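In: what's the 3D shape of this:
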Amino acid sequence: MISWILAPALAGVILATQVDLTSLPFVGTEKINAVFFTDGQAYFGHLDDNPLTGALTMRDVYYLGDAKGRGTDYEASVVKRGTEVHQPADGMRIRRDKVLVIERVGLTSPVGRAIAAQRSLDERAR
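Out: Prediction:
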């Protein structure tokens, strides 16, 4: 009888020490991830990692643009994916074998501030 209570409790304690609570979507502020690919490309946005299907999906995707001549004081410039000539739909499926590294972007970093500024410009344009 005690093992029926103790075993799940022990498993819960062990699992809780392995999970980064700040990575959960309902905890804390917005999370922006940077995905760097083996070919040198980098994309920034909301990353969903589905462990059941093994798929990586990015939403609200940005990539680095040319900061010169943009008329801003930001060190970086980003372009919202979907504004290209072929107008891809929002959302990007990523092959794991092409990913070099995934990192979290600081919201006060140059890229984080550039994304916030671009979102603000997009909102005003609507």
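
In: output the below-cut-off pLDDT ranges for this protein.
Out: Scanning the chain for pLDDT under 70 picks out 1-2, 13-29, 67-74, 90.

In: name the single longest strand found in it.
Out: strand 55-65 (DSSP state E).

In: okay, now the sheet partners of that one, with direction.
Out: strand 42-50 (antiparallel), strand 77-80 (antiparallel), strand 92-94 (antiparallel) (DSSP bridges).

In: list the buried residues of the first one.
Out: Going by neighbour count (16 or more other Cβ atoms under 10 Å), the buried part of strand 42-50 is 43-45, 47. C-beta coordinates here come from the backbone N, C-alpha and C atoms, glycine included.

In: same check, this time on stretch 55-63
Out: 56-58, 60-62.

In: kindly report the same for stretch 115-126.
Out: Buried residues in stretch 115-126 (16+ other Cβ under 10 Å): 115-118.
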